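Engineer: what follows is a predicted protein model with its sequence.
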Amino acid sequence: MAQVDIVDLRSDTVTKPSLGMLNFIMQSCKGYLGDDVFGEDQTVNQLEDKISKIFGVEDALYCPSGTMSNQIAIKLHTEPGDEVICDQNSHVYQYEVGGIAVHSHCSVKPLDGLYGILNAQQIENAIQPIDIHRTVSSLVVLENTHNRGGGSVYKLNDIKKIETVCKKNKLRLHLDGARIFNALVAQNENPKTLAKYFDSISVCFSKGLGAPVGSALLGSKKFIEKGRKIRKQFGGGMRQAGIIAAGALYAIEHNIERLKTDHQNASIIAKELNTKPFITNIYPVETNIIIFEIDEKHASAAEFTKFLKTKRILAFPISKNKVRFVFHLDITKEHIQYLKDFIKNL
Ligand SMILES: Cc1ncc(COP(=O)(O)O)c(C=O)c1O
């Protein structure tokens, strides 16, 4: 079996900037840095302009994290006391430290999506009736791809139906697109076609795209103008942010098409896992994430990942019996061969 360094499958956020990215950061920052709170960092301005054009939206706001982009959007789309509809395992609900309650003072109606994917009927059924006793449903948040759904992807036609329900009931529609390029590449879809169904989108540069930091919130001019103020209130106004924005610019210029390789790698490894009798279930693999279940008689997910670590493979147990593998640009051909051999010999 080939010897390799650590195979880090914990998340696609663990990638390190490549030499090409670091050189680009050095070059693109020379003479272009400025105070972004004053709107004077040319690299940040270029990134906001470029990502807006890719999605065909009016404007964009560079934020330090996907969490901040999502939380700014939720705050802008709601009034205190409103209700936000989302999947029960969505990032905005489960993994943003209760931000919806803290920042926006809203309640959440968590729904049971199929691998995290909601449908229009479910959403329509979840909308609060107009009644003096009831809160107001004002926002739907979709997550595409869906992290805890195993990298599942929305079909464009289903998004269209959800948008129709939102429009009919005067609800806004936000997309947590932390991994939206994975979804677009997997379905060979155009970003502009997708974006027109949403009131706002957050896009992460620091996941599969391999940039070190940041996310963009996309929306109308007016929405982003208000968002800029909320970003400042959240402490997310950055100064010479071109240093990190340059990494994001490089990522969107070089690392979108190659996401296909991560998807292929996930499929190859899922096939190997599928031959193992102690793996009782594997979520459908559509993009760069594999979630699989282990027979508890064999080992718990925590025990299994502890064992993997002794073989230089890092992964997270995401429940008692579920393990997640995430593929990304620092996973090489050699890593894949090592993983295949390792699983074969299990
Ligand atoms: C689907 C999804 N949305 C949002 C985020 C938040 O991104 P960040 O870690 O940059 O706050 C993540 C992070 O992994 C995520 O998986």
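Structural biologist: On my side now, so go ahead. Numbering: from 1, shown residues only.
Engineer: would you mind listing what in the protein touches the ligand?
Structural biologist: Residues of the chain found near the ligand (Cβ under 6 Å from any ligand atom) are 13, 65-67, 70, 91, 143, 147, 176, 178, 204, 206, 215. The C-beta positions use only the backbone N, C-alpha and C, and glycine is treated the same way.
Engineer: closest residue of the stretch 101-250 of the chain to the ligand?
Structural biologist: residue 178 (3.4 Å; Cβ to the nearest ligand atom).
Engineer: so which of the residues of the chain next to the ligand are in helices?
Structural biologist: 66, 67, 70, 91 (DSSP state H).
Engineer: returning to that earlier point: surely the residue of the stretch 101-250 of the chain closest to the ligand and residue 215 touch.
Structural biologist: Yes: counting by Cβ atoms under 8 Å, residue 178 touches residue 215, with 7.3 Å between them.
Engineer: what sits in contact with each of these two?
Structural biologist: 66, 202, 203, 204 (Cβ atoms under 8 Å, 6 or more residues apart in numbering).
Engineer: quick revisit: could the residues of the chain next to the ligand go into JSON lines alongside pLDDT and distance to residue 103?
Structural biologist: Formatted as JSON lines, the residues of the chain next to the ligand follow (pLDDT from 0 to 100; distance: Cβ to Cβ, whole Å):
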{"residue": "13", "pLDDT": "98", "distance to residue 103": "22"}
{"residue": "65", "pLDDT": "98", "distance to residue 103": "14"}
{"residue": "66", "pLDDT": "98", "distance to residue 103": "15"}
{"residue": "67", "pLDDT": "98", "distance to residue 103": "10"}
{"residue": "70", "pLDDT": "99", "distance to residue 103": "10"}
{"residue": "91", "pLDDT": "98", "distance to residue 103": "15"}
{"residue": "143", "pLDDT": "99", "distance to residue 103": "18"}
{"residue": "147", "pLDDT": "98", "distance to residue 103": "21"}
{"residue": "176", "pLDDT": "99", "distance to residue 103": "15"}
{"residue": "178", "pLDDT": "98", "distance to residue 103": "18"}
{"residue": "204", "pLDDT": "98", "distance to residue 103": "19"}
{"residue": "206", "pLDDT": "98", "distance to residue 103": "21"}
{"residue": "215", "pLDDT": "98", "distance to residue 103": "16"}
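Engineer: pull out the buried members of these.
Structural biologist: 65, 66, 67, 70, 91, 143, 147, 176, 178, 204, 206, 215 (16 or more other Cβ atoms under 10 Å).
Engineer: may I ask which two of those are separated the most?
Structural biologist: Farthest pair in these (Cβ to Cβ) is 143 and 206. Separation: 16.4 Å.
Engineer: which residues in the protein form helices?
Structural biologist: With DSSP H as the criterion, the chain has helices spanning 19-29, 42-55, 66-77, 91-94, 99-104, 120-126, 156-168, 180-187, 191-195, 221-233, 242-254, 259-273, 301-310, 333-344.
Engineer: want to throw these into CSV with distance to residue 6?
Structural biologist: Below are the helices of the chain laid out as CSV (distance: least, Cβ to Cβ, whole Å):
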stretch, distance to residue 6
helix 19-29, 19
helix 42-55, 31
helix 66-77, 25
helix 91-94, 26
helix 99-104, 32
helix 120-126, 41
helix 156-168, 38
helix 180-187, 23
helix 191-195, 33
helix 221-233, 35
helix 242-254, 22
helix 259-273, 16
helix 301-310, 9
helix 333-344, 9
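Engineer: can you tell me which of those is packed in deepest?
Structural biologist: Among the helices of the chain, ranked by average contacts under mean count of other Cβ atoms under 10 Å, first place goes to helix 66-77 (a mean of 26).
Engineer: ok, the closest residue in space to residue 185 that isn't next to it in sequence - contacts?
Structural biologist: Excluding its sequence neighbours, the residue lying closest to residue 185 (Cβ to Cβ, 6 or more residues apart in numbering) is residue 259, at 4.6 Å. Taking Cβ under 8 Å, 6+ apart as the contact definition, residue 259 lies against 181, 182, 185, 208, 209, 287, 288.
Engineer: could you check the pLDDT of residue 259?
Structural biologist: pLDDT recorded at residue 259 is 98.
Engineer: quick one: residue 291 and the ligand, what's the gap?
Structural biologist: 13 Å (Cβ to the nearest ligand atom, to the nearest Å).
Engineer: understood, closing this out.
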